[in-house]
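Enquirer: Turn this into a structure:
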Amino acid sequence: MKTDISVLGRVSRFLRGFRRDDGAVAVQFALVALPLAITVFGVFDVSRASNEKMHLQDALDAAALAAARSPATTDSQLQAIGASVLAADLSVSKAVLKSSSFKLEGSKVVATAQATISPYVAGLWLDGDMVLGAETEVTRSANNLEVALALDVTGSMSGSKISDLKDAAKELVDLVVQDVQTPYYTKLAIVPYSMGVNLGGYAQAARGSYSSGTCTSPGCQNYKFTNARGNLVTFPISTCVTERTGSQAYTDAAPGGAPVGRNYPSTNNPCPSATIMPLSTDRSALKSRIDDLQAAGSTAGQIGVGWGWYMVSPNFGSLWPAASRPAPYGTEKLLKVMVLMTDGDFNTTYCNGVISKDAGSGSGSSNDKINCNATNGDAFAQAKTLCTNMKAAGVIVYTVGFDVGGAQQAQNLLQSCATDAKHVYLPSSGAALKDAFRAIGQDISQLRLSR
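Expert: Numbering: from 1, shown residues only. Next up is the predicted model:
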């Protein structure tokens, strides 16, 4: 381009050097120089257009990549993301963007764009502006997704807290569970927990059968025992479950060989009404289950953690219908995720399926506790061990502490359980809780599309 301008300068100086009587020669040379100048500037227009076309292509490539990595699942969502990135990248361009298109075709994001540039000289033989075009496609990475949502529905979640939790959890369902379930699926399970986890119709398969009548050792329909005040009381079995004990207490070994704990609750701290929901792609059903959540009872968070793991564990798959069974660990293109939400201390531990006498404050009176200490010890320690083993199995763990500012043990647990510090959220208000769940939902969706 510098050479072309230099040539024009020399031509101009040459023409000025002619004497008046050399006019005829000058006119003849001018007739030659004019098309030469037009040609030079025409080449300059082509060079500008070529540079802008490369810029347009680079910008479209970046925009298509951003759209492909986003959680968008519809053409309109892809268009909004891609067009925004494209416009930003072209903000310093001399070309004017006229149109763009971002569409999902199978596993690919297909993008096209058209822009125009006004020529200096080439417009003499072109009808209007020079038109630039670009197209690209990005193969979208994707993974199958299995997510368990362990939600604290204890008494301290009453009032606006439980309402905020429902709204936040339902939005996460919408973000994670996609409309299109092929070629990759996205499934989510719900684990409401308080003093235990209610398995409903799945309870017997998980904790084993029991005999009818009343007995003085756990395993009957009615369990007679001495409470922490030294009185004989009888509690009936429930469909809730408690900690697993023994060598498999902190593993996800199949319940057939290592049943989880039974639960004999008092009427003052009953099994929660909300039952678990295994992995599902039915957003309406998942949100309906969330709407049914009611706040009541004390906090056996370690049991919530355990069942958050079990819902995505292939070893517990025999409990569920075929469509809800988790895929094996190590399956290619598969992410397993657990989200743990709590609003405070884990205060409820068990001995023989009854709340232990050394359970923490807020777990009930001594009339409702058995006269023995917790078989597995401290609830926080149990939860941490379960989280460690869950992460070792490849499960990604997010933690959400709702208004836990003064509960140091709870904060320590949330930091310890999470995959890393970026997976910890400590919202202090209902609005912040919704923001946290929204951020987690978006992050999970991005993991699904980028890993």
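Enquirer: thought Leu86 was touching Ala113?
Expert: Yes. At 6.3 Å, Leu86 and Ala113 qualify as touching, with contact defined as CB atoms under 8 Å. Quick note: C-beta positions are derived from backbone N, CA and C, even for glycine.
Enquirer: what sits in contact with each of these two?
Expert: Shared contacts of Leu86 and Ala113 (CB atoms under 8 Å, 6 or more residues apart in numbering): 59-60, 97, 100.
Enquirer: ranking those by neighbours, who comes first?
Expert: Leu60 (26 neighbours; other CB atoms under 10 Å).
Enquirer: Let me see the ranges of the strands in the stretch 1-150 of the chain.
Expert: Counting by DSSP state E, counting those that start in this stretch, residue ranges of the strands within the stretch 1-150 of the chain are 96-105, 108-117, 130-139, 144-152.
Enquirer: Tell me where the stretch 351-451 of the chain has strands.
Expert: Under DSSP E, counting those that start in this stretch, the stretch 351-451 of the chain gives strands at 354-355, 396-401, 424-425.
Enquirer: and the second one with strand 144-152, angle?
Expert: To tie it back to what came earlier, the one meant is strand 396-401. On the basis of axes from the mean of the first three to the mean of the last three CA atoms, to 10 degrees, strand 396-401 is oriented at 20 degrees to strand 144-152.
Enquirer: Check which strands are paired with strand 396-401 and give the direction for each one.
Expert: strand 334-342 (parallel), strand 424-425 (parallel) (DSSP bridges).
Enquirer: shaky segments in this structure?
Expert: Residues of the chain that meet the criterion pLDDT under 70 lie in 1-45, 120-127, 141, 450-451.
Enquirer: do that again at 50, thanks
Expert: 1-21, 25-26, 29, 32-33, 122-125 (pLDDT under 50).
Enquirer: Domain parsing of it, as residue ranges.
Expert: For the chain, the structural domains run 2-139, 144-450, going by automatic domain parsing.
Enquirer: Name the stretch among those that sits most buried.
Expert: domain 144-450 (a mean of 20; mean count of other CB atoms under 10 Å).
Enquirer: ranges for the helices of this protein?
Expert: 2-16, 23-69, 75-89, 160-176, 203-207, 283-291, 301-310, 379-392, 408-417, 430-450 (DSSP state H).
Enquirer: Now distance to Glu135 too, for those helices, in TSV please.
Expert: Formatted as TSV, the helices of the chain follow (distance: least, CB to CB, whole Å):
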stretch	distance to Glu135
helix 2-16	31
helix 23-69	7
helix 75-89	13
helix 160-176	30
helix 203-207	54
helix 283-291	34
helix 301-310	45
helix 379-392	43
helix 408-417	46
helix 430-450	22
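Enquirer: Quick one, which of those helices gets closest to Tyr184.
Expert: Comparison of the helices of the chain against Tyr184 by CB to CB identifies helix 430-450 as nearest, at 7.6 Å.
Enquirer: Not counting its own residues, what contacts the closest one?
Expert: 68-71, 140-143, 145, 147, 160-161, 163-165, 167-169, 171-172, 174-176, 184, 186, 335, 337, 339, 396, 398, 400, 402, 425, 427.
Enquirer: can you give me the offset of it from its chain's centre?
Expert: Here helix 430-450 is found 5 Å from its chain centre; the criterion is CA atoms, centre = their mean, to the nearest Å.
Enquirer: ditto for stretch 324-343
Expert: 11 Å.
Enquirer: what about it, start to end distance?
Expert: Start-to-end span of stretch 324-343 (CA to CA, to the nearest Å) is 29 Å.
Enquirer: do stretch 325-340 as well
Expert: Separation of the first and last residues of stretch 325-340 by CA to CA is 20 Å.
Enquirer: Then stretch 342-349?
Expert: First-to-last residue span, stretch 342-349, CA to CA: 16 Å.
Enquirer: starting at the chain centroid, how far to stretch 363-372?
Expert: Using CA atoms, centre = their mean, the offset of stretch 363-372 from its chain centre is 40 Å.
Enquirer: do stretch 46-57 as well
Expert: 39 Å.
Enquirer: With adjacent residues omitted, what lies nearest to Ala300?
Expert: Distance criterion CB to CB, 6 or more residues apart in numbering; nearest residue to Ala300, sequence neighbours excluded, is Thr348 at 4.0 Å.
Enquirer: and that neighbour, how far is that from Tyr193?
Expert: Plainly put, Thr348 is 10 Å away from Tyr193 if you go by CB to CB, to the nearest Å.
Enquirer: list residues touching both of those two?
Expert: Listed as contacting both Thr348 and Tyr193 by CB under 8 Å, 6+ apart are 299-300.
Enquirer: Any chance of a markdown table for the strands of the stretch 1-150 of the chain, columns distance to Ala253?
Expert: Listed next are these as a markdown table, based on distance: least, CB to CB, whole Å:
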| stretch | distance to Ala253 |
| --- | --- |
| strand 96-105 | 41 |
| strand 108-117 | 42 |
| strand 130-139 | 39 |
| strand 144-152 | 18 |
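Enquirer: between the ones you listed, which gets nearest to Gly256?
Expert: The nearest among the strands of the stretch 1-150 of the chain, by CB to CB, is strand 144-152 at 20.4 Å.
Enquirer: now for that closest one, which elements pack on it?
Expert: The contact analysis (3 or more CB pairs under 8 Å, 6 or more residues apart in numbering; DSSP states H and E) places strand 144-152 against helix 160-176, strand 186-193, helix 301-310, strand 334-342, helix 430-450.
Enquirer: Let's see that with 10 Å instead.
Expert: Contacts defined by 3 or more CB pairs under 10 Å, 6 or more residues apart in numbering; DSSP states H and E place strand 144-152 against helix 160-176, strand 186-193, strand 277-280, helix 283-291, helix 301-310, strand 334-342, strand 396-401, helix 430-450.
Enquirer: Gly133 is nearest to which of the ones you listed?
Expert: Per CB to CB, nearest to Gly133 of the helices and strands packed on strand 144-152: helix 430-450, 27.6 Å.
Enquirer: Output that closest one as CSV, restricted to C-alpha atoms.
Expert: Taking Å, rounded to 0.1, in the frame of the first residue of the first chain, the C-alpha atoms of helix 430-450 are listed here in CSV:
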residue,chain,number,x,y,z
GLY,A,430,-33.4,-14.6,50.5
ALA,A,431,-32.3,-12.6,47.4
ALA,A,432,-28.7,-13.7,47.8
LEU,A,433,-29.9,-17.3,48.2
LYS,A,434,-31.6,-17.1,44.8
ASP,A,435,-28.5,-15.5,43.3
ALA,A,436,-26.4,-18.3,44.7
PHE,A,437,-28.6,-21.1,43.3
ARG,A,438,-28.8,-19.2,40.0
ALA,A,439,-25.0,-19.0,39.9
ILE,A,440,-24.6,-22.7,40.7
GLY,A,441,-27.2,-23.7,38.0
GLN,A,442,-25.3,-21.7,35.4
ASP,A,443,-22.0,-23.1,36.5
ILE,A,444,-23.3,-26.6,36.3
SER,A,445,-24.6,-26.0,32.8
GLN,A,446,-21.4,-24.5,31.7
LEU,A,447,-19.4,-27.5,33.1
ARG,A,448,-21.8,-29.8,31.2
LEU,A,449,-20.9,-28.0,27.9
SER,A,450,-17.2,-27.2,28.4
